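Enquirer: got a predicted structure plus its sequence, pasted below:
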Amino acid sequence: MKPEELILGYSITTRSGEECVSSIKAWINAGKEKKYFVCANPHSLEAAKADGIFSEAIRNADLVIPDGIGIVIASRILGGNICRRITGNDIFMGLSSVLNEEKGFSYFFLGSTEVTLLKIRDRMRADFRNIGIAGTYSPPFKSEFSEEDSRLMIKAINEAKPDVLWVGMTAPKQEKWIYEHRGDLNVRCIGAIGAVFDFYAGNVKRSHPVFQRVGMEWLPRLLREPRRLWRRNFISNPRFILRVLYSKFRHRAGS
């Protein structure tokens, strides 16, 4: 089985969550290249249609995680091998467990508020005490960062010298920022994990594991935040599936 498969032009990993964690751990051990991973879902791939830099950020990622049941459905429609979704939280917790066992590694958290970052620090000390917190940084809350904003972020990260940089901003801001500035960052691995910051800090509760297992984690979240999530679930997701179906039938017609 190939390690990736194409879905609407994007190479999505077919690896299991454990295999993804092993791959990322290998990046960290190698310590030579600044590699990054992103999490793809139907909404992000729809948004990337109208945002060239966001599209490039996904295409150039070293690992694209199938974070969305819609990606799994798309793979089935296209005859692929993606069997289950892998969330950013799966990667964060899995990698943290591995690095905590080995000791000697450090994290930097970029994004969210100072209050949330403090909660993350406290929980990390309890859950993964063998992982050092090299630093945290709460960037300005704005749609686009200025050159000075980015310079200060890069300076804080590089002075802290972490092994792993976790970026928790909204998509596509986090992916675009990583893509545009990864060459300036002295880190071994960068992970764009968005809402994981709020989940891990306890600001937002994940849906019950039953909903997670059956691919309906989105439903309780939609009921809690309908104004924020209705467009994603009722516009982006159906459009994505229609594009996948069109891609399949066009391929059949051309064969």
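Expert: Sure, I can see it.
Enquirer: pLDDT below threshold where in the chain?
Expert: 1, 206-234, 252-255 (pLDDT under 70).
Enquirer: again, 50 this time
Expert: Across the chain, nothing is flagged by pLDDT under 50.
Enquirer: now do the helices in it.
Expert: Along the chain, the segments classed as helices by DSSP state H run 17-30, 42-47, 52-59, 69-77, 88-102, 114-127, 147-160, 173-181, 196-201, 209-213, 218-224, 226-231, 237-254.
Enquirer: would you format those as CSV with distance to Ala134 and mean neighbour count included?
Expert: For the C-beta atoms, the positions are set from N, CA and C on the backbone; glycine is no exception. Putting the helices of the chain into CSV (distance: least, C-beta to C-beta, whole Å; neighbours: other C-beta atoms under 10 Å) gives the following:
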stretch, distance to Ala134, mean neighbour count
helix 17-30, 14, 16
helix 42-47, 28, 23
helix 52-59, 24, 18
helix 69-77, 32, 20
helix 88-102, 13, 18
helix 114-127, 11, 15
helix 147-160, 4, 15
helix 173-181, 17, 22
helix 196-201, 16, 22
helix 209-213, 31, 12
helix 218-224, 31, 15
helix 226-231, 32, 11
helix 237-254, 37, 14
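Enquirer: in a markdown table: those helices, plus distance to Glu4.
Expert: Formatted as a markdown table, these follow (distance: least, C-beta to C-beta, whole Å):
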| stretch | distance to Glu4 |
| --- | --- |
| helix 17-30 | 11 |
| helix 42-47 | 15 |
| helix 52-59 | 12 |
| helix 69-77 | 11 |
| helix 88-102 | 16 |
| helix 114-127 | 31 |
| helix 147-160 | 29 |
| helix 173-181 | 18 |
| helix 196-201 | 23 |
| helix 209-213 | 24 |
| helix 218-224 | 24 |
| helix 226-231 | 28 |
| helix 237-254 | 16 |
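Enquirer: out of those, the one nearest Ile7 is which?
Expert: helix 69-77 (5.2 Å; C-beta to C-beta).
Enquirer: now the angle from the closest one to helix 237-254?
Expert: Put simply, helix 69-77 runs at 20 degrees to helix 237-254, going by axes from the mean of the first three to the mean of the last three C-alpha atoms, to 10 degrees.
Enquirer: what helices and strands are in contact with helix 69-77?
Expert: Counting by 3 or more C-beta pairs under 8 Å, 6 or more residues apart in numbering; DSSP states H and E, the packing neighbours recorded for helix 69-77 are strand 4-7, helix 42-47, helix 237-254.
Enquirer: change it to 10 Å
Expert: In this structure, helix 69-77 makes packing contacts with strand 4-7, strand 10-13, strand 35-40, helix 42-47, strand 63-66, helix 237-254, judged by 3 or more C-beta pairs under 10 Å, 6 or more residues apart in numbering; DSSP states H and E.
Enquirer: between it and strand 35-40, how many degrees?
Expert: 90 degrees.
Enquirer: then helix 69-77 to PDB, C-alphas only?
Expert: What follows is helix 69-77, C-alpha atoms only, in PDB (Å, rounded to 0.1, in the frame of the first residue of the first chain):
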ATOM      1  CA  ILE A  69     -14.600  11.800   8.300                       C
ATOM      2  CA  GLY A  70     -15.200  13.400   4.900                       C
ATOM      3  CA  ILE A  71     -11.600  12.600   3.900                       C
ATOM      4  CA  VAL A  72     -12.200   8.900   4.800                       C
ATOM      5  CA  ILE A  73     -15.500   8.900   2.800                       C
ATOM      6  CA  ALA A  74     -13.700  10.500  -0.200                       C
ATOM      7  CA  SER A  75     -11.000   7.800   0.000                       C
ATOM      8  CA  ARG A  76     -13.700   5.100  -0.100                       C
ATOM      9  CA  ILE A  77     -15.400   6.800  -3.100                       C
END
